[in-house]
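Colleague: dropping the sequence and predicted coords here.
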Amino acid sequence: MSDEALPPLPRPTPPEGAGDTAALLRRLPRMNDLLAGLSEEDFERAPREEWGDALRQALEEVRADVLAARIGPVVLAGRIAPAKLRAAARRRIERRRDPGCVRVVNATGVVLHTNLGRAALPPAALEALAAHGRGYQLLAADAEGGARSPRERHVERLFRELTGAEAATVVNNNAAATLVALAALGAGREIIVARGQLVEIGGAYRIPEVMNQSGAILREVGTTNRVHLRDYENAIGPETAALLRVHTSNYRVEGFQGEVGLDELVALGKAYGLPVIDDLGSGALVSLSAHGVPGDEPLIQTSLAAGADLITASGDKLIGGPQMGILLGTRAAVARVRAHPFYRALRCDKLTLIAMEATLRTFLHPERLAHDHPTFAMLTAEPRHLEALAANLALRLAEVATAGELPVHVDEAIAPDAVGAGSLPTVELPGRAVRLTPHGIEAGELARRLRVGSVPVFTTVKDGHVYVHVRTLQPGDDDDVVAAFRAAFETPAEDPDGP
């Protein structure tokens with residue numbers, strides 16, 4: 001047969017309703033019919049009104065796709081199948097009943113992962129919450145005389161014992177600590193700070209804006225990379241209220257740079273009768289470099305020894321406790337903080353104080369920190385320990401793969417871990433990870449399935465591989481990791497356009 005004799009290719013024949021939005025919308029099932037197909041078990045799960053709301057939302061999602069011309073009659077037929085709409089409504093109802101802030105497995109290698117709650121609380125803190133969190137607490141009452149007492153007195157006593165500070169108090173985070181410190185010591189007057197220390201951290205927290213909200217007036221000195229003692233002294237005037245040093249927790253300036261040491265700044269402050277505020281950001285109670293960590297954050301004790309009048313630090317970073325802002329220093333400076341109206345607005349609740357008191361008690365026995373303090377243990381974990389953890393987990397995942405339930409290749413890999421939360425930003429920890437190369441599924445999709453499991457598992461993805469970092473696994477997490485990988489392949493990815 002010659003080319004001239006070939007019949008023309010047929011043109012598509014659109015099915016009924018193609019291109020007719022009104023006709024497609026008329027195909028949407030009625031609510032009464034959808035409700036009529038529910039079982040008694042369904043109504044035991046949720047009342048009729050809630051089912052109606054969930055089904056209505058499922059229909060509205062389909063309606064929006066039709067109106068936007070995102071789907072045609074073939075896809076629509078699958079989307080509006082009564083069983084599929086009821087299943088979508090059922091999932092929505094189940095999600096409503098699931099607790100939101102649940103425990104997750106952190107397999108990212110980032111020890112202080114802000115999005116995952118930063119520090120893992122010590123077992124002692126969890127035990128204290130279980131033992132003392134229910135009912136009533138000895139919060140702001142004195143057991144001896146029954147009189148009202150400062151609610152933070154228990155943690156203050158421990159901070160004074162651990163650091164040697166004259167006084168201490170706490171608020172809900174370090175941003176709040178900095179705000180109330182500036183307000184209490186500098187409202188209406190100037191506070192001098194180096195230009196290179198006008199930091200910005202996550203959530204659009206910036207020192208100039210915080211200074212403005214505190215009521216203090218920013219007086220910046222020096223250049224981006226260098227500041228000299230003479231810059232501070234030349235800026236001191238009748239309106240100067242305090243000198244401020246801000247530790248650049250989340251970045252480092254290297255090369256041709258220089259800053260004034262805290263001891264020099266304190267000497268300058270004393271000469272002019274000005275208090276010095278030292279915002280440490282993370283802050284620490286023990287030296288990490290002494291335990292093999294390549295780098296160190298400034299110790300609270302060092303700032304106190306240098307003579308800073310008021311120091312601010314975080315409780316949920318290197319101290320490893322609940323979210324908290326810590327203020328330590330002279331009795332006069334802390335008294336001014338307690339007297340400021342911001343202080344009551346920013347104070348900590350009872351559960352936070354219970355957890356922090358138990359966390360601080362672990363530092364009374366520094367020889368046991370590697371056993372009692374999860375953050376310290378993870379940061380100082382030895383390579384041979386991490387290698388053993390990775391080898392064991394790799395073996396268990398390989399057994400799952402051999403059973404045909406996990407079509408991935410399991411191998412050990414070395415990848416840099418991180419401290420996180422703006423602490424030691426340039427430090428890479430020589431970690432160990434299990435590397436998985438999935439077949440038949442994209443690595444990002446596998447990571448997503450792991451995150452949406454009954455116990456969410458957060459991993460890292462790079463170059464088509466999924467990495468499970470063992471540094472940040474807690475005792476028992478390996479069981480959850482294995483179960484999550486098994487479940488990820490048992491349940492296929494949902495097809496929103498399928499029948």
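Modeller: It's in.

Colleague: where in the protein is pLDDT low?
Modeller: Along the chain, segments meeting pLDDT under 70 span 1-3, 202-204, 249-252, 255, 402-415, 491-499.

Colleague: per the record, what domains does it have?
Modeller: 24-97, 105-112+380-490, 123-369 (automatic domain parsing).

Colleague: could you dump the ones you listed to TSV with distance to Pro14 and mean neighbour count?
Modeller: The way it works is simple: take the backbone N, C-alpha and C, and place the C-beta from them, glycine included. Converted to TSV, those look like this (distance: least, Cβ to Cβ, whole Å; neighbours: other Cβ atoms under 10 Å):
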stretch	distance to Pro14	mean neighbour count
domain 24-97	8	15
domain 105-112+380-490	33	19
domain 123-369	51	19
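
Colleague: need those domains in a markdown table with distance to Leu9, can you?
Modeller: What follows is the domains of the chain, written out as a markdown table (distance: least, Cβ to Cβ, whole Å):
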| stretch | distance to Leu9 |
| --- | --- |
| domain 24-97 | 21 |
| domain 105-112+380-490 | 35 |
| domain 123-369 | 58 |
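
Colleague: from Lys350, how far out is Phe136?
Modeller: Heads up, residue 136 is Tyr, not Phe. Using Cβ to Cβ, to the nearest Å, we find Tyr136 at a distance of 9 Å from Lys350.

Colleague: go on, Ala390?
Modeller: For Ala390, the distance to Lys350 equals 40 Å [Cβ to Cβ].

Colleague: also Ile71?
Modeller: According to Cβ to Cβ, Ile71 and Lys350 sit 52 Å apart.

Colleague: repeat for Val104
Modeller: As judged by Cβ to Cβ, Val104 and Lys350 stand 25 Å apart.

Colleague: can you check Asn106 too?
Modeller: The gap separating Asn106 from Lys350 is 27 Å, by Cβ to Cβ.

Colleague: can you check Glu60 too?
Modeller: When distance is defined by Cβ to Cβ, Glu60 is 43 Å away from Lys350.

Colleague: check Arg486 too.
Modeller: Distance of Arg486 to Lys350, given as Cβ to Cβ: 41 Å.

Colleague: just Val334 next, same as before
Modeller: 21 Å.

Colleague: what does Gln474 give?
Modeller: 26 Å.

Colleague: swap in Ser39?
Modeller: With distances taken as Cβ to Cβ, Ser39 is found 45 Å from Lys350.

Colleague: got a list of contacts for stretch 140-158?
Modeller: The contact list for stretch 140-158 (Cβ atoms under 8 Å, 6 or more residues apart in numbering) reads 139, 167-170, 338, 347-348, 350, 353, 356-357, 360-361, 364.

Colleague: go through the residues you listed and flag which are in helices.
Modeller: Counted as lying in helices by DSSP state H, out of those, are 338, 350, 353, 356-357, 360-361.

Colleague: alpha carbons of stretch 92-104, as PDB, please.
Modeller: Extracted as PDB, the C-alpha positions of stretch 92-104 are listed here (Å, rounded to 0.1, in the frame of the first residue of the first chain):
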ATOM      1  CA  ARG A  92      -9.200  13.900  57.000                       C
ATOM      2  CA  ILE A  93     -11.100  12.800  60.100                       C
ATOM      3  CA  GLU A  94      -8.200  10.600  61.200                       C
ATOM      4  CA  ARG A  95      -5.700  13.400  60.800                       C
ATOM      5  CA  ARG A  96      -7.900  15.600  63.000                       C
ATOM      6  CA  ARG A  97      -7.600  13.000  65.800                       C
ATOM      7  CA  ASP A  98      -3.900  12.600  65.500                       C
ATOM      8  CA  PRO A  99      -1.800  14.600  67.900                       C
ATOM      9  CA  GLY A 100       0.100  17.300  66.100                       C
ATOM     10  CA  CYS A 101       3.400  17.700  68.000                       C
ATOM     11  CA  VAL A 102       4.500  14.100  68.100                       C
ATOM     12  CA  ARG A 103       7.800  12.400  68.700                       C
ATOM     13  CA  VAL A 104      10.000  12.000  65.600                       C
END
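
Colleague: what lies in contact with that stretch?
Modeller: 45-46, 50-51, 54, 57-58, 116, 455-458.

Colleague: so which of the residues you listed comes closest to Gly17?
Modeller: Distances from Gly17 to these, taken as Cβ to Cβ, are shortest for Ala58 (20.2 Å).

Colleague: touching, the closest one and Ala89? I think so.
Modeller: Yes - counting by Cβ atoms under 8 Å, Ala58 does reach Ala89; the two are 5.1 Å apart.

Colleague: that's a strand at Val334, yeah?
Modeller: No - with DSSP: H, G, I helix; E, B strand; the rest coil as the criterion, Val334 is located in helix rather than a strand.

Colleague: before we move on, the earlier item: compare the domains of the chain and report which one is nearest to Ala5.
Modeller: Ranking the domains of the chain by distance to Ala5, with Cβ to Cβ as the measure, places domain 24-97 first at 33.7 Å.

Colleague: how far does the closest one stretch from start to finish?
Modeller: With Cα to Cα, to the nearest Å as the measure, the ends of domain 24-97 fall 33 Å from one another.

Colleague: just how off-centre is that domain within its chain?
Modeller: Distance of domain 24-97 from its chain centroid, counting by Cα atoms, centre = their mean, to the nearest Å, is 35 Å.

Colleague: ok, stretch 185-192 next?
Modeller: In terms of Cα atoms, centre = their mean, the centre of stretch 185-192 is found 32 Å from the chain centre.

Colleague: contact partners of that stretch?
Modeller: So stretch 185-192 is contacted by 182, 211, 214-221, 232, 235-237, 239-244, 275, 277, 309-310, 333, 336 (Cβ under 8 Å, 6+ apart).

Colleague: let's see 6 Å
Modeller: With contact meaning Cβ atoms under 6 Å, 6 or more residues apart in numbering, stretch 185-192 is reached by 215-217, 219, 221, 232, 235, 239-244, 275.
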